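Visitor: Fold the following, please.
(chains A and B)
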Amino acid sequence: MDAHEGIADAAIRLVQELKHNPNIIPPYDATLMRQCIDTLNRLYDQNARSLMDPTGDPSISPEQITTQREQRTAAIIYIWRCTTAYIHERACRIRSLRWRFGGILPISIRNNLSEAEIEFFNSYSSALADFQSSLGESGVNLMANTEPPKHLFVQVRVKEDYGEFETNDGNVVILNKNSLHSLPRQDCEMLIRRGILEIANP
Amino acid sequence: MDDSFQPDALLNAASSSGEAAEEIGNEEEDEELITPAEVLLKMKRAWQNEAAAPCILPHQYEILEILVDQIDGMDENLARVKDKTQLKVSIHRAELQRINYLTSDYMRIRLKKIEGNVRRIMTQHNERLRQGKPPLLSEQELRFAEKYAKAEAQLLGKSVLGFLPTPVQKIPHPEEDADLSSVYLQVLEDNVENVPLPDYTDPTAEIIVSLERDSIHLIPFAPIRDHLENDRVRLL
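Guide: Next up, the predicted model:
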C-alpha cells in the first residue's frame, strides 16, 4: 500500500460513490468491497496475534502495542460502518425501485446490482405483495393512490404508442402517441409512472 | 387496480353500514355514511398522527380493515349502477378515492417506518407485548417486518458480514432519537395532565405547560407520547 494512503481509503471511496450519485444506483463495486473486507480481516488478525503473544516484538514497549491495537480496532469499526452503510444505502434505493417499477426490474438497472441485491429485491417484492394481499377481501394496491386526489379525471398526453387501454369502468380507449385523453386518475397512475402518459395541464 | 371484487365484499359492507349502501344511486352521501362517519374520522386522525409522528405509533388496523372492506363494497356498488353519467356517481367515486388514498397512505407511511429501522421496531413491539400495552404492529405488519428483517440480514451477510470475523458480524441498528424532535399538537379533551419540560436557562427548574382543551402547542415528542396513545391529543 502507498505510504500516503490511509487504511480506510477504500471504505471512504465506497461511501463517496453513492454520495456523488444521489439519484441512481451505480454499479455494485465488488472490487472495493473486497479490498475493505481484506483490510478489515488483516487488521483483525494482527490484533488477534498481538493479543496471543503480548511480548512478540521486544523493540516496542507494551504501551505502544496497546495503542496500536486500539487504533486497529478503531479502523475495524470504521470500515465495518462504511461497508454496511454502503449496502444499506443501496438497499434503500433498491426498495424505491420496487415502488416505481413494480416487481420487474429494467435490465439496465438490474445489471448494476449484485446477486445478493437481486435476491433482496425479490424477497422485498414478495414480502410487500404478501402484505398487500393480506388485507381486505381481494387485497389492496399500495402502488395506486399515491397522490391526494384532487380531480376524478386528469388530462393526459400519450408519449409513446400503447394500444388499447381499458379503464376501470369498462371504457376502452386507444392510446396513440401525442393524443390527448381525459382518463380516471386512478386508472392511469401506473402508466404515468412508467412514462407512457404525462399530465397535460399540471 | 381494484377491479376484481368478490360478491361477498358487498354483503359485508352492506351489513356494517346498514342497507343504505344498497341504494347508492338514490341516497345522499351523508346518510349512507352515518355509522362509517366515525370510522372515517378515526382513520383520518390515525393517518394524520402517523404522518406527523417521528416514530411508529401503535397500529389502528381494526379501523383500517373496516374501511378497506367498505371500499371493496362501495366499488362493487358503483360498478352496478347503470347510468354512469349521474352526478351522484361521480361524487361517490371522488369520495371513494379520498378514502382509498387515506388508507393506502396510512399503510405506506407505516411500512416505510418499519423498513427504516426494522430490528428496533420489532424489539419495541415485543417489549410492549410483555408490558401488556397495545401492540405496535398489526399481524400483517409483523409478518412483513419479519420477512424484511430476514431479507436485509441475508443481503448484508452475503455482501459483507459473511466474510468478516465473527465479532464484527453485527447488523447495525441505529438508536431512535424520536424523543428529541418536536411536534405540533392539539389538545382534544378537558383535564389533560400538564407536561413538565426542562428549563434550559436554569438546570434546576422546570417549565410546566398546561394543556387546555383545543389549545395548540409545539412541544417535544417524548412527554406527550402517552397522551397521544390515549387519544387525548392529536398531532398536526
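
Visitor: Counting neighbours, which bits of the least confident helix or strand in chain A by mean pLDDT end up buried?
Guide: When each helix and strand of chain A is scored by mean pLDDT, DSSP states H and E, helix A:185-193 comes last, with a mean of 77. Buried residues in helix A:185-193, counted by 16 or more other Cβ atoms under 10 Å in any protein chain shown: A:185-192. C-beta: built from backbone N, CA, C; applies to glycine.

Visitor: low-confidence ranges in chain A?
Guide: Applying pLDDT under 70 to chain A flags the ranges A:1-5, A:54-58, A:137-139, A:169, A:201-202.

Visitor: which stretches of it form strands?
Guide: Secondary structure of chain A (DSSP state E): strands at A:153-158, A:163-166, A:172-175, A:180-184, A:197-199.

Visitor: Show me what the third one is packed against.
Guide: Secondary-structure packing of strand A:172-175 (3 or more Cβ pairs under 8 Å, 6 or more residues apart in numbering or on different chains; DSSP states H and E): strand A:163-166, strand A:180-184.

Visitor: Extract the C-alpha set from the last one and format it as CSV.
Guide: Put plainly, it is strand A:180-184. Provided in CSV are the C-alpha atoms of strand A:180-184 (Å, rounded to 0.1, in the frame of the first residue of the first chain):
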residue,chain,number,x,y,z
LEU,A,180,-54.9,13.8,-25.6
HIS,A,181,-57.3,12.0,-23.3
SER,A,182,-59.3,12.6,-20.2
LEU,A,183,-58.9,9.5,-18.1
PRO,A,184,-59.9,8.5,-14.5
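
Visitor: Report the distance from that strand to the chain centre.
Guide: On the basis of Cα atoms, centre = their mean, to the nearest Å, strand A:180-184 sits 34 Å off its chain's mean C-alpha point.

Visitor: And the shortest one, by the same measure?
Guide: Taking the mean C-alpha point of strand A:163-166 and that of its whole chain, the gap between them comes to 33 Å (Cα atoms, centre = their mean).

Visitor: right, is it up against chain B?
Guide: No: judged by Cβ under 8 Å from any Cβ of the partner chain, strand A:163-166 stays clear of chain B, getting no closer than 9.3 Å.

Visitor: Give me the contacts around that strand.
Guide: Strand A:163-166 has contacts (Cβ atoms under 8 Å, 6 or more residues apart in numbering or on different chains) with A:172-175, A:187, A:191.

Visitor: Let me know the closest of those residues to residue B:52.
Guide: Using Cβ to Cβ, residue A:187 comes nearest to residue B:52 of the contacts of strand A:163-166, at 31.0 Å.

Visitor: Against chain B, how distant is the closest one?
Guide: Using Cβ to the nearest Cβ, to the nearest Å, residue A:187 is found at 7 Å from chain B.

Visitor: ok, that residue touching residue A:170?
Guide: No: with contact defined as Cβ atoms under 8 Å, residue A:187 does not reach residue A:170; the gap is 11.1 Å.

Visitor: Could you report the neighbour count for residue A:82?
Guide: When neighbours are defined as other Cβ atoms under 10 Å in any protein chain shown, residue A:82 has 20 of them.

Visitor: Figure out which of the helices and strands packed on strand A:172-175 is closest to residue B:188.
Guide: Taking the helices and strands packed on strand A:172-175 one by one with Cβ to Cβ, strand A:180-184 is closest: 36.7 Å.

Visitor: What angle do helix A:185-193 and that closest one make with each other?
Guide: 130 degrees (axes from the mean of the first three to the mean of the last three Cα atoms, to 10 degrees).

Visitor: which outside residues touch strand A:180-184?
Guide: Defining contact as Cβ under 8 Å, 6+ apart, one finds that strand A:180-184 is touched by A:152-158, A:167-169, A:173, A:175, A:197, A:200.

Visitor: how about a cut-off of 10 Å?
Guide: A:151-158, A:165, A:167-169, A:171, A:173-175, A:188-189, A:191-192, A:197, A:200-201, B:1, B:93, B:97 (Cβ atoms under 10 Å, 6 or more residues apart in numbering or on different chains).

Visitor: before we move on, what about stretch A:195-202?
Guide: With Cβ under 10 Å, 6+ apart as the criterion, stretch A:195-202 contacts A:154-162, A:165, A:175, A:177, A:180-183, A:185, A:188-192.

Visitor: Pull out the buried residues from the residues you listed.
Guide: Taking 16+ other Cβ under 10 Å as the criterion, what is buried in those is A:154, A:156, A:158-159, A:162, A:165, A:175, A:181, A:183, A:185, A:188-192.

Visitor: Would it be right to say that residue B:100 lies in a helix?
Guide: Yes: judged by DSSP: H, G, I helix; E, B strand; the rest coil, residue B:100 forms part of a helix.

Visitor: so what are the domain limits for chain A?
Guide: Here the domain parsing of chain A from automatic domain parsing is A:2-101, A:153-199.

Visitor: Hmm, I typed the wrong one, I wanted chain B.
Guide: For chain B, automatic domain parsing gives the domain ranges B:7-116, B:119-168, B:178-235.

Visitor: Take the ones you listed and write them to CSV, including mean neighbour count.
Guide: Below are those laid out as CSV (neighbours: other Cβ atoms under 10 Å in any protein chain shown):
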stretch, mean neighbour count
domain B:7-116, 17
domain B:119-168, 17
domain B:178-235, 14
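
Visitor: The residue nearest to residue A:28 when sequence neighbours are not counted: how many residues sit nearby?
Guide: Leaving aside its sequence neighbours, residue A:28 sits nearest to residue A:114 (Cβ to Cβ, 6 or more residues apart in numbering or on different chains; 4.0 Å). Neighbourhood size, residue A:114 [other Cβ under 10 Å]: 18.

Visitor: Who are the contact partners of the closest residue to residue A:175 other than its chain neighbours?
Guide: Of all residues not flanking residue A:175 in the chain, residue A:162 sits nearest, at 3.9 Å (Cβ to Cβ, 6+ apart). Contact criterion Cβ under 10 Å, 6+ apart gives A:173-177, A:191, A:194, A:196-197 as the residues in contact with residue A:162.

Visitor: So residue A:162 versus residue A:187, what's the distance?
Guide: Using Cβ to Cβ, to the nearest Å, residue A:162 is found at 13 Å from residue A:187.

Visitor: quick one: common contacting residues for these two?
Guide: By Cβ under 10 Å, 6+ apart, the residues touching both residue A:162 and residue A:187 are residue A:173.

Visitor: So the helix or strand containing residue B:75, near chain A or not?
Guide: Using DSSP states H and E, residue B:75 sits within helix B:61-80. Yes: contact of helix B:61-80 with chain A (Cβ under 10 Å from any Cβ of the partner chain) involves B:61, B:64-65, B:67-73, B:75-76, B:78-79.
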